[in-house]
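Q: Provide a 3D model corresponding to the input given below.
(2 chains)
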Amino acid sequence: MINLHSLLSLAFGEPPPPAAESTPPPADISALEPLLFALTELGIFVIIIAICMCLFRVLRGPHLADRVLAGDTVAFQVVALVILLTIRLSSTTYIDAALVVAIIGFASTLAFAQYIGNLPRPVRKQ
Amino acid sequence: MNSETLTDLIAIISITIGLFFMAVGAVGVIRMPDAYNRLHAVSKCSTLGIMGLAIGAMFHVGSLAVISKAILTIVFALVATPVGSHMLAKATHLNRMKPWEKTLSDELEIDEEKAAQQTNEKESTPLPARDRPFLSRA
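A: Presented below is the predicted three-dimensional model:
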């Protein structure tokens, strides 16, 4: 399995010390932390597969609304990725990005909904 | 079992629930037959998935900044997702997208047909609400 720290060290040069500041003293180390980190790395793969499924729907939606709702779902899955990164690194900085991405995804959904609602309507078949 | 282990246990359970709901929502995007059914699947699943992951982050990290922003994210997802999906479904119905052929009833369509028949009978009534632009509706 790809180690997240090796990827981060490739991307940013210096790997950030994993939870260097928030590491509790050795008496308080939890026994379940390796399981939690393995679960977050599994969750990254699950959400990447889910994003690929939503991108399939973006490419092949029969209606414009299908593409819009798939894009909205991709925005929420990016929020989930950012929250998983927060858990994995035990950092306090990344969760701001989750809030910002959620707000922007909501605004884009509302804009596309108004666009679809203002399109010329097809004639009703009697 | 110390307190760190207990909070990590709660975090593991809630992250598992959140990942399950995110995966089910993505499967619903693929498998559902209709845009309305897809909205139905996606809005609930992404809300519950974000909620589970944010509760996991709250319990694992545990600092005040993460807890407050995670609660903000949960409240925002709970408020924004139903509003956005309802607005998208209303706009899609305004655009007269045909529902799936096995859909049991479309009551908004029936009401619109009744309103159209009434306006055909009475010519002096103003435009029905469905012919006004989308933004100017009350």
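Q: what about stretch B:26-46, near chain A?
A: Yes. Part of stretch B:26-46 sits close enough to chain A to count as contact by C-beta under 8 Å from any C-beta of the partner chain, namely B:26-27, B:29-30, B:35, B:38-39, B:42, B:46. Bear in mind the C-beta positions are built from the backbone N, C-alpha and C, glycine included.
Q: The residue sitting nearest the centre point of chain B: helix or strand, and which one exactly?
A: For chain B, the residue sitting closest to the mean C-alpha position, by C-alpha atoms, centre = their mean, is residue B:43 at 2.9 Å. Under the criterion of DSSP states H and E, residue B:43 resides in helix B:35-61.
Q: Return the set of buried residues in that helix.
A: Of the residues in helix B:35-61, those buried under the neighbour-count criterion (16 or more other C-beta atoms under 10 Å in any protein chain shown) are B:35-36, B:38-39, B:41-61.
Q: Stretch B:64-79 now?
A: With the criterion 16+ other C-beta under 10 Å, stretch B:64-79 contains buried residues B:66-67, B:69-70, B:72-74, B:76-77.
Q: could you list every residue that touches residue A:51?
A: Taking C-beta atoms under 8 Å, 6 or more residues apart in numbering or on different chains as the definition of contact, the neighbours of residue A:51 are A:74, A:77-78, B:26.
Q: The residue nearest to the centre of chain B against residue B:85, yeah?
A: Yes. Under the criterion of C-beta atoms under 8 Å, residue B:43 lies in contact with residue B:85, with a separation of 3.9 Å.
Q: Where does pLDDT dip in chain B?
A: B:1, B:122-138 (pLDDT under 70).
Q: biggest helix in it by residues?
A: If each helix of chain B is counted by residues according to DSSP state H, the longest one is helix B:64-94.
Q: could you say which helix or strand contains residue A:112?
A: Counting by DSSP H and E, the element that carries residue A:112 is helix A:95-117.
Q: Show me what that helix is packed up against.
A: Under the contact criterion of 3 or more C-beta pairs under 8 Å, 6 or more residues apart in numbering or on different chains; DSSP states H and E, helix A:95-117 touches helix A:64-89, helix B:35-61, helix B:64-94.
Q: Now do residue B:59 against residue B:53, distance only.
A: With the distance defined as C-beta to C-beta, to the nearest Å, residue B:59 ends up 11 Å from residue B:53.
Q: so what sits against both of those two?
A: residue B:14.
Q: Make JSON lines out of the contacts of residue A:51 and add distance to residue B:119 and neighbour count.
A: Formatted as JSON lines, the contacts of residue A:51 follow (distance: C-beta to C-beta, whole Å; neighbours: other C-beta atoms under 10 Å in any protein chain shown):
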{"residue": "A:74", "distance to residue B:119": "41", "neighbour count": "22"}
{"residue": "A:77", "distance to residue B:119": "44", "neighbour count": "25"}
{"residue": "A:78", "distance to residue B:119": "46", "neighbour count": "18"}
{"residue": "B:26", "distance to residue B:119": "43", "neighbour count": "29"}
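Q: Make JSON lines out of those residues and add distance to residue A:98.
A: As requested, these are arranged in JSON lines below (distance: C-beta to C-beta, whole Å):
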{"residue": "A:74", "distance to residue A:98": "14"}
{"residue": "A:77", "distance to residue A:98": "11"}
{"residue": "A:78", "distance to residue A:98": "8"}
{"residue": "B:26", "distance to residue A:98": "18"}
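Q: tell me the two of those that are most distant?
A: Across the contacts of residue A:51, the two members that end up farthest from each other (C-beta to C-beta) are A:78 and B:26, 13.0 Å apart.
Q: Centroid-nearest residue for chain A?
A: Using C-alpha atoms, centre = their mean, the residue of chain A that lies closest to the mean C-alpha position is residue A:78, 1.9 Å off.
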